[in-house]
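[1] From the sequence below, what's the structure:
(chains A, B, C and D)
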Number of protein chains: 2
Amino acid sequence: MSAEDTDAKLARKALPMRAFSESLPMALLRTREAVMCLFRPGLRSRGVTEQQWRILRALAHSGSMEVTALAEATFLLGPSLSRILPDMEKRQLVSRRQVDSDLRRSMVSLEPKGLRLIALHAPDSEQIYAQIAKRFGVEQVTQLFTLLHELQDSLEEISRQHAKSSQRTSRKPPARARARPGGSR
Amino acid sequence: MSAEDTDAKLARKALPMRAFSESLPMALLRTREAVMCLFRPGLRSRGVTEQQWRILRALAHSGSMEVTALAEATFLLGPSLSRILPDMEKRQLVSRRQVDSDLRRSMVSLEPKGLRLIALHAPDSEQIYAQIAKRFGVEQVTQLFTLLHELQDSLEEISRQHAKSSQRTSRKPPARARARPGGSR
DNA sequence: CCTAGATACTTAACATCATAATCATCTGCT
DNA sequence: AGCAGATGATTATGATGTTAAGTATCTAGG
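    Numbers count the residues shown, from 1 in each chain, chains lettered A, B, ... in the order given. Model (predicted):
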């Protein structure tokens, strides 16, 4: 055993830190990646990226939306949509038109081609969910969803609490739940 | 109500597709992002990125590691480490040395500065976990971890099954659980 | 030996994400 | 009206993830 190993092991014991495997962000990241590994091949084979698929799904689910609302729904940022939407327009998966009453806004709509793409891929997607349900258990899936949603709620409360308690020092609200420079991982 | 809205609503009813909010990848992504929103400010204030923090934690937990093992542990890719590690070396958070018995390999070790950084940040991190435990519930947290791990196991089984059944057509195994061009979102 | 293939890691090229800056438009106040 | 500030969206810039190609080293078979 090398000196570094020994040091690290001592360090691990001395540090008031949970095991790396008990990191919530890591667990969520790994799990999501594992799920996506099942879904990606099908999407890729149809020439759709994960982000484009989210846009199609959001539009199919909620109907035409403004860009900001679409960003919220798909969990993408404005700039990402500004790049992705023109591509999808060219491919006639979606269309856009200005809003008469406010020329800053534009409405994004699902086009027939986009709808067909969804219809084409949906069975595959559902089949994967069926496999998951079979292996993992239906109740387990619903339980997981419940926990994830509840955790999100709890986290939001904590954030609000932070915002409130730091109000004395900094005037600005913590803006909004988003990230930092660099990729998502 | 616009024609597009009507179309979309009809489409939604016609399509054999679950509600967008019941998308497992989305739920995991949103939850992870919500968690990271609590952790990021502390890391950022100490000049560490999320990825660098994962590297430090992995080294503190398991001791010195080769680059490949580190990639596995941190869920980063080799090229990312090739970019990140030199920076961390310059800042003396970690160090590297060639392995005598195999000059291709190099061992990455935690340096005192890195250890101090962990020690500095760990309390903050644990305090956030404490808040989560308080709001969300301790049993809920452990239950979530359990479900996430079990789901990963199930997904791996499904992947293996796919690999086996597609063995006739394509010789190559599905390699390994990784992603596609573009960022993580 | 010594050459072919495998392995560890790096470099390069490209796509994407995140922040900030910018542009256009709208709203409220005077 | 007319201007200041807010808001929707795009563009610009920098950092990261991913794939593929490249380099160096090791291992195995002739």
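[2] where exactly do the helices run in chain A?
    With helices called from DSSP state H, chain A shows them at A:3-14, A:24-45, A:50-62, A:67-74, A:78-90, A:112-136, A:138-165.
[3] Highest average neighbour count across these: which stretch is it?
    helix A:50-62 (a mean of 23; mean count of other C-beta atoms under 10 Å in any protein chain shown). C-beta coordinates here come from the backbone N, C-alpha and C atoms, glycine included.
[4] how about residue A:34, what does it touch?
    B:151-152, B:155-156, B:177 (C-beta atoms under 8 Å, 6 or more residues apart in numbering or on different chains).
[5] Can you spell out which helices and strands pack onto the biggest strand by length in chain A?
    Criterion DSSP state E: the longest strand present in chain A is strand A:102-110. Strand A:102-110 sits against helix A:50-62, strand A:65-66, helix A:67-74, strand A:94-99, helix B:3-14, with contacts defined as 3 or more C-beta pairs under 8 Å, 6 or more residues apart in numbering or on different chains; DSSP states H and E.
[6] quick one: which of the ones you listed is nearest DNA strand C?
    In terms of C-beta to the nearest atom of the strand, the element of the helices and strands packed on strand A:102-110 nearest to DNA strand C is helix A:50-62, at 4.3 Å.
[7] Is the closest one in proximity to DNA strand C?
    Yes - among the residues of helix A:50-62, residue A:51 lie within reach of DNA strand C under C-beta under 7 Å from any atom of the strand.
[8] Let me know the angle separating that helix from helix B:24-45.
    If you take axes from the mean of the first three to the mean of the last three C-alpha atoms, to 10 degrees, helix A:50-62 sits at 120 degrees to helix B:24-45.
[9] can you tell if helix A:50-62 touches chain B?
    Yes - Helix A:50-62 lies within reach of chain B by C-beta under 8 Å from any C-beta of the partner chain, at A:50-51, A:54, A:57-62.
[10] starting at the chain centroid, how far to that helix?
    Centroid displacement of helix A:50-62 relative to its chain, using C-alpha atoms, centre = their mean, to the nearest Å, is 12 Å.
[11] Report all helices and strands that that helix contacts.
    Using 3+ C-beta pairs under 8 Å, 6+ apart: helix A:50-62 touches helix A:24-45, helix A:67-74, helix A:78-90, strand A:94-99, strand A:102-110, helix A:112-136, helix B:3-14.
[12] Can you say which of the ones you listed is nearest to residue B:140?
    helix A:24-45 (11.6 Å; C-beta to C-beta).
[13] and the closest one, how far out from the chain's middle?
    11 Å.
[14] go on, stretch A:53-69?
    Using C-alpha atoms, centre = their mean, the offset of stretch A:53-69 from its chain centre is 14 Å.
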